[in-house]
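Asker: Take a look and give me a structure for this.
(one chain, ligands or ions: 3)
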Amino acid sequence: MRTRPLKVALLGCGVVGSEVARIMTTHADDLAARIGAPVELAGVAVRRPSKVREGIDPALITTDATALVQRGDIDVVVEVIGGIEPARTLITTAFENGASVVSANKALLAEDGAALHAAAEKYGRDLYYEAAVAGAIPLVRPLRESLAGDKVNRVLGIVNGTTNFILDKMDTSGAGYSEALDEATALGYAEADPTADVEGFDAAAKAAILAGIAFHTRVKIGDVHREGITEVTAADIASARRMGCTVKLLAICERAADGASVTARVHPAMIPLSHPLASVREAYNAVFVEAEAAGQLMFYGPGAGGSPTASAVLGDLVAVCRNKLGEATGPGESAYTRLPVSPMGEVVTRYHISLDVADKPGVLAQVATVFAEQGVSIDTVRQQGKDGEASLVVVTHRAPDAALSGIVEALRKLDTVRGVASIMRVEGE
Ligand SMILES: NC(=O)c1ccc[n+]([C@@H]2O[C@H](COP(=O)([O-])OP(=O)(O)OC[C@H]3O[C@@H](n4cnc5c(N)ncnc54)[C@H](O)[C@@H]3O)[C@@H](O)[C@H]2O)c1
Ligand SMILES: N[C@@H](CCO)C(=O)O
Ligand code: NA
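Answerer: Residues are numbered from 1 along each chain as shown. Ligands and ions are numbered 1, 2, ... in the order given. From the prediction side, this is the model:
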């Protein structure tokens with residue numbers, strides 16, 4: 001074993017960073033044996049230097065992250081600050097100054113991954129980011145490496161722990177939305193600004209990263225159709241229950257049937273209770289990958305939290321250190337297919353539409369005509385009447401999303417439709 005240690009700079013020492021430091025210290029001997037050289041924490045950049053950080057030598061703490069990555073003797077920079085800047089500049093500076101990078105920063109990778117990969121390649125460094133998607137679950141590496149010989153056609157799953165935690169609590173214990181979000185934040189699952197979770201930005205970033213790797217093309221967060229969970233009501237969840245379903249925030253990346261384009265979307269969807277994704281509880285994540293030769297693969301595990309995320313960071317750290325010792329680099333960006341990303345309107349989905357209507361003859365026929373005019377066929381209709389008013393629940397067959405949203409617009413214009421109580425896509429059937 002080499003005795004000269006590999007030097008690691010840790011940028012950020014919050015929920016994830018503090019766990020990375022703890023595991024690096026407590027498992028130092030095992031990590032050294034697995035890598036073939038000791039790994040040494042050479043500096044820790046923080047924003048609040050006065051905070052007591054158990055197990056970290058105070059002499060390592062600095063508020064000058066730029067000087068740390070410019071030192072020139074750092075082998076690996078672990079970026080767990082989050083956000084676009086200064087993380088982007090720090091990572092690029094690290095590459096320029098001889099370091100490879102391990103990052104958990106999905107927001108940055110989904111915004112500017114191509115430029116970061118290009119910088120890594122230019123300087124001959126590694127850029128690893130297993131922690132950026134689905135926390136502890138090995139998913140980035142299986143897609144980048146294990147499935148590199150196959151053709152992936154679809155990636156579908158739950159990739160945000162916070163929103164899964166909230167929806168699960170609302171469904172199973174009747175908890176309120178804000179109470180469940182506060183709990184997820186206290187448990188270290190939520191982003192620094194939890195809007196990123198509840199509005200679907202975090203899941204959209206992960207969908208962009210997954211689609212890019214899966215289909216060997218460039219997908220940015222702005223290419224991903226995004227709807228969060230802020231408009232999912234307790235009534236929607238109760239209505240899903242009545243249909244034998246539950247509501248999950250899903251990320252779905254698909255290659256078009258003709259192979260000429262891809263789509264990526266994040267939105268709440270109803271799925272049957274019998275579907276494996278329905279039993280994904282709390283902050284767990286689960287992702288199905290469908291590949292031509294492999295068939296269907298399922299990845300499941302803790303999707304958020306300090307310790308699970310640190311596990312993924314440490315796995316990358318070991319891989320990058322091994323590469324350094326072997327004077328090699330791991331896989332870079334693979335974006336050779338250059339497939340365009342189609343808009344949401346072209347995605348084929350199913351809708352569950354709940355309407356408040358007047359309870360009088362001819363209403364059902366009027367509603368059915370709207371569907372027929374858009375060429376969308378109805379799967380089921382359920383009507384419940386009370387005091388001259390009725391609620392009508394329509395579930396459609398699969399149709400282009402543009403036709404389905406056209407139907408909703410036309411329904412809103414009918415005099416007999418008092419309101420559209422909820423619209424949700426249905427998946428997993
Ligand atoms: N928490 C999770 O479950 C989880 C899971 C996967 C990925 N991530 C990602 O990991 C990253 C970190 O997340 P976290 O939950 O640890 O966040 P956090 O807010 O707990 O930690 C980030 C830390 O970075 C510090 N920081 C910010 N700017 C800095 C700067 N310029 N120099 C030095 N320190 C700075 C902050 O003070 C904070 O302590 C983010 O990119 C996040 O998206 C988090
Ligand atoms: N905020 C993210 C952290 C893990 O990426 C989540 O809840 O999934
Ligand atoms: Na992961």
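
Asker: Longest helix of this protein, counting residues only.
Answerer: The longest helix of the chain (DSSP state H) is helix 306-325.

Asker: tell me which residues in it are buried?
Answerer: Using 16 or more other C-beta atoms under 10 Å as the test for burial, helix 306-325 gives 306-324. For the C-beta atoms, the positions are set from N, CA and C on the backbone; glycine is no exception.

Asker: What is it packed up against?
Answerer: strand 6-11, helix 15-26, helix 28-35, strand 76-79, strand 100-103, strand 127-128 (3 or more C-beta pairs under 8 Å, 6 or more residues apart in numbering; DSSP states H and E).

Asker: For ligand 3, which of these is the nearest?
Answerer: strand 127-128 (10.7 Å; C-beta to the ion).

Asker: to the chain's geometric centre, what's the distance from that closest one?
Answerer: 17 Å (C-alpha atoms, centre = their mean, to the nearest Å).

Asker: Show me what that strand is packed up against.
Answerer: strand 100-103, helix 106-123, helix 306-325.

Asker: Would you mind giving those as JSON lines with mean pLDDT and distance to Ala421 added?
Answerer: Formatted as JSON lines, the helices and strands packed on strand 127-128 follow (pLDDT from 0 to 100; distance: least, C-beta to C-beta, whole Å):
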{"stretch": "strand 100-103", "mean pLDDT": "99", "distance to Ala421": "42"}
{"stretch": "helix 106-123", "mean pLDDT": "98", "distance to Ala421": "33"}
{"stretch": "helix 306-325", "mean pLDDT": "98", "distance to Ala421": "38"}
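
Asker: Including distance to ligand 1, could those go into CSV?
Answerer: Formatted as CSV, the helices and strands packed on strand 127-128 follow (distance: least, C-beta to the nearest ligand atom, whole Å):
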stretch, distance to ligand 1
strand 100-103, 7
helix 106-123, 6
helix 306-325, 4
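
Asker: Adding distance to Val46, write the ones you listed out as a markdown table.
Answerer: A markdown table is the format used below for the helices and strands packed on strand 127-128 (distance: least, C-beta to C-beta, whole Å):
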| stretch | distance to Val46 |
| --- | --- |
| strand 100-103 | 17 |
| helix 106-123 | 19 |
| helix 306-325 | 15 |
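
Asker: What about the residue in the stretch 251-400 of the chain that ligand 2 sits nearest to, how many residues nearby?
Answerer: Nearest residue of the stretch 251-400 of the chain to ligand 2: Ala304, at 3.7 Å (C-beta to the nearest ligand atom). Per other C-beta atoms under 10 Å, the neighbour tally for Ala304 reads 29.

Asker: Make sure it is indeed in a helix.
Answerer: No - under DSSP: H, G, I helix; E, B strand; the rest coil, Ala304 sits outside any helix and is assigned coil.

Asker: List the backbone torsions phi and psi for it.
Answerer: Main-chain torsions, Ala304, degrees, to the nearest 10: phi -160, psi 170.

Asker: tell me the contacts of the closest residue to it other than its chain neighbours?
Answerer: Using C-beta to C-beta, 6 or more residues apart in numbering and skipping the chain neighbours, the partner closest in space to Ala304 is Gly161 (3.1 Å). Each residue near Gly161 by C-beta atoms under 8 Å, 6 or more residues apart in numbering is listed here: Gly135, Ala184, Tyr189, Glu282, Ala283, Tyr284, Asn285, Pro302, Gly303, Ala304, Gly305.

Asker: How about Glu254?
Answerer: Taking C-beta under 8 Å, 6+ apart as the test, what Glu254 contacts is Asn153, Arg154, Val262, Thr263, Ala264, Val347.
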